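Colleague: sequence isn't available, so here's the structure alone:
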């Protein structure tokens, strides 16, 4: 257990409402982003956030502190999302094809594009394009990309959450970046031509 | 370094994880290969877009509902 989290865990065990508010404020959006990235459904993502925090509430007295609260919450949320996806897709596999080979997705669209102006970045159309691009990734690539690029976690933290080796996290991040580049290239090259 | 090798090392190059020699080889290749420069540039833009725009938050009505339910459950346990 890290020293910095000991007082917080103690306060949670004592049912201190401010401690719960602190953890909820710190992690609920992060868990939601992971869940909506994996499930692409607001109701289901809300359900994952709820179930993840319920697990924390139920297990706080047994929380051993071998990992940080955030890492633990992410791991619970990820496993809940995968269980959810497996119910929808019984044949879901968590191994990536060609993972151990040098074969990478080859760049096809080689047109440069300009980043849209700041005021257009948050437009619904661009957000839809980003969502579509993320959706095109397999859940395993998606999880790595969200944790590393959007949440800003380290390779080691991401590996711990997803139960992968750091090397596998790096390979999946690389593949995810290349696939997303290809997905966005077609759209933005046309938009900013 | 050729295009295939550059592609292999692209993420490490972007993340500045290459050693000095490989980084120099990558730069040398990029200086002479417009296609690889485009791939590098558009990959960096892709990452930047997701970093800027990927931080969505729970919609307010969902957040309020979730917090109330969980706060109640927390205090009743």
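Modeller: Nice, thanks for sending it over. These numbers were taken from a predicted model, which means no experiment stands behind them.
Colleague: can we go C-alpha only for contacts and neighbour counts from here?
Modeller: Fine.
Colleague: residue A:54 against residue B:71, yeah?
Modeller: No. Between residue A:54 and residue B:71 there is no contact under CA atoms under 8 Å: 9.9 Å.
Colleague: okay, those two: which has more neighbours?
Modeller: residue B:71 (20 against 17; other CA atoms under 10 Å in any protein chain shown).
Colleague: so what secondary structure elements neighbour the helix or strand hosting that one?
Modeller: Counting by DSSP states H and E, the element that carries residue B:71 is helix B:60-76. If contacts are counted by 3 or more CA pairs under 8 Å, 6 or more residues apart in numbering or on different chains; DSSP states H and E, helix B:60-76 sits against helix A:17-39, helix A:42-59.
Colleague: okay, the angle between the longest one and helix B:60-76?
Modeller: With axes from the mean of the first three to the mean of the last three CA atoms, to 10 degrees defining the directions, helix A:17-39 sits at 130 degrees from helix B:60-76.
Colleague: interface residues of chain B facing chain A?
Modeller: Counting by CA under 8 Å from any CA of the partner chain, the positions of chain B adjacent to chain A are B:8, B:10-11, B:35, B:38-39, B:41-43, B:45-47, B:49-51, B:53-58, B:62, B:66-67, B:70-71, B:73-75, B:77.
Colleague: just the buried residues from those residues, in ChimeraX please.
Modeller: One line in ChimeraX is enough to select the buried members of the residues of chain B next to chain A, burial here meaning 16 or more other CA atoms under 10 Å in any protein chain shown:
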select /B:8,10,11,35,38,39,41,42,43,45,46,47,49,50,51,54,58,66,67,70,71,74
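Colleague: of the residues of chain B next to chain A, which belong to helices?
Modeller: If you go by DSSP state H, the residues of chain B next to chain A have B:8, B:10-11, B:35, B:38-39, B:41-43, B:45-47, B:49-51, B:53, B:62, B:66-67, B:70-71, B:73-75 in helices.
Colleague: who touches the helix or strand bottoming out on mean pLDDT in chain A?
Modeller: Lowest by mean pLDDT, DSSP states H and E among the helices and strands of chain A is helix A:118-121, with a mean of 72. Contact partners of helix A:118-121, identified using CA atoms under 8 Å, 6 or more residues apart in numbering or on different chains, comprise A:126-127, B:49, B:53.
Colleague: what does stretch A:71-83 give?
Modeller: Contacts for stretch A:71-83 (CA under 8 Å, 6+ apart): A:27, A:31, A:34-35, A:38-39, A:48-49, A:52-53, A:56, A:143, A:157, A:160-162.
Colleague: show me which of these is closest to residue A:171.
Modeller: residue A:143 (12.9 Å; CA to CA).
Colleague: distance-wise, check the closest one relative to residue A:36.
Modeller: Going from residue A:143 to residue A:36 by CA to CA, to the nearest Å gives 11 Å.
Colleague: between those two, which is the more surrounded one?
Modeller: Legend: neighbour count by other CA under 10 Å for residue A:143 and residue A:36, higher for residue A:143 (24 against 21).
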